[in-house]
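K.L.:
give the three-dimensional model of this entry:
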Amino acid sequence: MGQFQPYQHKSFCFNVTAGFEANGDRTGQVPCAVGKFGKYFKRWSCKKCPASYYSDEKGSVACKQCARSETSKSGGSFCRGCDPGFFLAVRVQVLPAAKPTATPTKVCQSCPGGYISSYGQNECRQCKQGYFSKGVNGTRCHGCERGTFGTADAQSLKSLGCKSCKKGRYSSALGATSEKDCNACPPGKYSNQVGNSANCFSCAAGKVQPQEGKTSCLIANDDQIILGSGSVAVSVPQGSFIDKSCDTASTKTCLPFLACPSGWIGTRPPTSKCNPCHAGMTSSNGSLSCRNCGKGKFNQIKGSSKCHNCQKNEFQDQELKKSVKCQVCPNGWEQKLSGQSFCKDLGYLKPSSCDENQYLNTTSIDPTLYSCVPCPVGG
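P.N.:
All right, here's what the predicted structure looks like:
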């Protein structure tokens, strides 16, 4: 064992030198290859360096120990750190030697699920809540997707480590760490799905949601208008109309509803229009009904904002019906003022002053000279 003889017909052999081994036909010796060593006298062949040791020169009589943060495979000629996703662990094994002794050996082991490492690490790092490793041998922690949040530290899989935000909430952040990071949908918006990763949906036209964190919007009443981008429903006062040209979501200044003007009346419930009063009638601002023109007044147009005064020598003596015109004062009567409901008697003779066989003679320029005269024969 561990001997050679380069010459023929000899009765003895030479011992192999430390760091060498006999060649194949035992006629000579060759140095141990890199990754091997020949420490003991009379060894036949060189031995591989054990894991965590190395030999980077030929003819080594001993292996060198790897640095603290490095290791090597059996028969290694160099040391290196563990690959990403692994960590350096210490084991105990027996070194092959003349007198074996227990010695620690460093080996690269997989990082378990929920842990990661980069190159040359002695230990794995834990993925924090809101992140997961995608199984064993992880090289980085992946954040829970938008619309989800983390449930615990050291999670291996997304299905275990991340949970969807509830309906009525959303999250646009990666790696959210708790359910509190799921934002409640603001008033005027809703979300009817779990795991919503974007902003919530706006209430459709005619719908409102005054509260946060809701899964749907409410249908507004017929007499309501929607303000605040769907967050407020305001009841329109009776006698008003809704101005649909007013965009309450824009920055322009306008009023979403207005009182119906004079001469017009509101609908029940309020809509986007007012109805005009008939001729001979009018109304005040914000009215639900029209009224007849009062005594001494009239109008001839639909939707008139006011009734007009009767002119001088005219009158209008009722207010139970529509008044579209005034009457002229008859002969013997007058009215020097406008807007009156009667005419004044001038004290002149009138047709009614004459009996059935007389008629009123009005040929005189002076009304005081009017007289009742007998009717002509056959008249």
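
K.L.:
poorly predicted segments of the stretch 101-250 of the chain, please.
P.N.:
101-103, 247-250 (pLDDT under 70).

K.L.:
how about the helices in it?
P.N.:
Under the criterion DSSP state H, counting those that start in this stretch, the stretch 101-250 of the chain carries helices at the ranges 158-161.

K.L.:
neighbours of residue 165, how many?
P.N.:
24 (other C-beta atoms under 10 Å). Bear in mind the C-beta positions are built from the backbone N, C-alpha and C, glycine included.

K.L.:
again, but for residue 55
P.N.:
Residues lying near residue 55 (other C-beta under 10 Å) number 26.

K.L.:
surely it meets residue 49?
P.N.:
Yes - counting by C-beta atoms under 8 Å, residue 49 is a contact partner of residue 55 at 5.1 Å.

K.L.:
hey, what's in contact with both of these two?
P.N.:
Counting by C-beta atoms under 8 Å, 6 or more residues apart in numbering, the shared contacts of residue 55 and residue 49 are 35-37, 63, 76.

K.L.:
which one of those sits closest to residue 270?
P.N.:
Minimum distance to residue 270 across the shared contacts of residue 55 and residue 49 is 89.3 Å, recorded for residue 76 (C-beta to C-beta).

K.L.:
for the closest one, which non-adjacent residue is closest in space?
P.N.:
Of all residues not flanking residue 76 in the chain, residue 54 sits nearest, at 4.5 Å (C-beta to C-beta, 6 or more residues apart in numbering).

K.L.:
residues near the one you found, how many?
P.N.:
Count around residue 54 with other C-beta under 10 Å applied: 25.

K.L.:
so who does it touch?
P.N.:
Taking C-beta under 8 Å, 6+ apart as the test, what residue 54 contacts is 35, 63-64, 66, 72, 76-79.

K.L.:
list buried residues within the residues you listed.
P.N.:
35, 63, 66, 72, 76-77, 79 (16 or more other C-beta atoms under 10 Å).

K.L.:
check those and tell me the two furthest apart.
P.N.:
35 and 66 (12.8 Å).

K.L.:
which residues does residue 158 contact?
P.N.:
Applying C-beta under 8 Å, 6+ apart to residue 158 gives the contacts 132, 134, 142, 144-145.

K.L.:
same thing but at 10 Å, please
P.N.:
131-134, 142-145, 148 (C-beta atoms under 10 Å, 6 or more residues apart in numbering).

K.L.:
what do you get for residue 124?
P.N.:
Residues in contact with residue 124, defined by C-beta under 10 Å, 6+ apart, are 85-87, 109-112, 114-118, 133, 136-138, 154.

K.L.:
same question, residue 88
P.N.:
Counting by C-beta under 10 Å, 6+ apart, residue 88 has contacts 52, 66, 68-71, 81-82, 106-109, 117, 120-123.

K.L.:
let's see it at 8 Å
P.N.:
Per C-beta under 8 Å, 6+ apart, neighbours of residue 88: 69-71, 81-82, 106-108, 121-123.

K.L.:
which of those residues are buried?
P.N.:
For those, buried by 16+ other C-beta under 10 Å: 70-71, 81-82, 106-108, 121.

K.L.:
in JSON lines: those residues, plus distance to residue 375.
P.N.:
Formatted as JSON lines, these follow (distance: C-beta to C-beta, whole Å):
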{"residue": "70", "distance to residue 375": "148"}
{"residue": "71", "distance to residue 375": "149"}
{"residue": "81", "distance to residue 375": "143"}
{"residue": "82", "distance to residue 375": "142"}
{"residue": "106", "distance to residue 375": "150"}
{"residue": "107", "distance to residue 375": "148"}
{"residue": "108", "distance to residue 375": "144"}
{"residue": "121", "distance to residue 375": "138"}
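
K.L.:
how about those, which pair is most distant?
P.N.:
The largest separation in the buried ones among the contacts of residue 88, counting by C-beta to C-beta, is between 107 and 121 at 13.8 Å.

K.L.:
does residue 351 touch residue 362 like I think?
P.N.:
No - between residue 351 and residue 362 there is no contact under C-beta under 8 Å: 9.1 Å.

K.L.:
just give me the neighbour total for residue 176.
P.N.:
If you count neighbours by other C-beta under 10 Å, residue 176 ends up with 25.
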